[in-house]
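Engineer: Pasted the sequence and its predicted model underneath.
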Amino acid sequence: MTIEALPVPPMPPYPNNRWPLLVYRGALEAEPVRPEAFESGFASRGWVGSWRNGVYDFHHFHSSAHEVLGCYAGRATVRFGGPDGIDAVLEAGDAVVVPAGVAHALVSRSPDFRVVGAYPRSTTPDLLRGDPARYEEHGSRSREVPVPPRDPVAGDGGIPELWRMD
């Protein structure tokens, strides 16, 4: 497994976050990748409320919770940060930790693309689309979401040290 840390600067009306997007290439290597493997792994590390589906095709973010996505089928390009953001290609076995406030939207996908999503225990995700009138409020709320105690993919040691720097 390799981890890519991708900075996503503010792009109003999307606050994004000072913490980078974390893309875990080859988080699961078994063939086929089973959604249950992501679900149980995330849950064992305190990331709960899992769901299965795809990624919305409109830019949205969560100001109240970080999110982890584990791709268990297919391939997709997801844009992070807003319309002028960065694209990441996700394939079966990859995972991504999306910091609170970071916008994301599906750009393209294979017909079989599917993900499992989850959130740190004791958080409740909202679903926001970027309201210019509430940009400061949403950005402030996003920045107040604490670093999770455990990394949903790598486990012990917490989120990579890149998130611990201010």
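Structural biologist: Nice, I can see it. Small disclaimer: the values here were computed from a predicted structure and weren't measured.
Engineer: quick one, helices of the protein?
Structural biologist: With DSSP state H as the criterion, the chain has helices at 35-44, 135-144.
Engineer: So which of these is the most surrounded?
Structural biologist: Ranked by mean neighbour count under mean count of other C-beta atoms under 10 Å, the helices of the chain are led by helix 35-44, which reaches a mean of 18. For glycine as for every other residue, the C-beta is placed from the backbone atoms N, C-alpha and C.
Engineer: contact partners of it?
Structural biologist: For helix 35-44, the surrounding residues in contact (C-beta atoms under 8 Å, 6 or more residues apart in numbering) are 27-28, 30, 48, 50, 52, 68, 70, 72, 95, 114, 116, 118, 152-153, 155.
Engineer: swap the cut-off to 10 Å and go again
Structural biologist: Under the criterion C-beta atoms under 10 Å, 6 or more residues apart in numbering, residues 27-28, 30, 34, 47-52, 68-73, 93, 95, 114-121, 150, 152-155 lie in contact with helix 35-44.
Engineer: Put the buried members of those residues into a PyMOL selection.
Structural biologist: Buried members of the contacts of helix 35-44, defined by 16 or more other C-beta atoms under 10 Å, are picked up in PyMOL with:
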select buried, resi 27+28+47+49+50+68+69+70+71+72+73+93+95+114+115+116+117+118+119+120+150+152+153+154
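Engineer: Show me the contacts of helix 35-44 that map onto strands.
Structural biologist: Residues of the contacts of helix 35-44 located in strands (DSSP state E): 47-52, 68-73, 95, 114-120.
Engineer: residue contacts, the residue located most distally from the centre of the chain?
Structural biologist: Distance to the chain centre peaks in the chain at A133, reaching 24.6 Å (criterion: C-alpha atoms, centre = their mean). By C-beta under 10 Å, 6+ apart, A133 lies in contact with P13.
Engineer: Can you give me the pLDDT of it?
Structural biologist: Looking at A133, its pLDDT is 97.
Engineer: Run through the bridge partners of the residue positioned nearest the centre of the chain.
Structural biologist: With distances taken as C-alpha atoms, centre = their mean, the residue of the chain nearest its centroid is V98 (2.6 Å). Assessed by DSSP bridges, V98 has beta-bridge partners E67.
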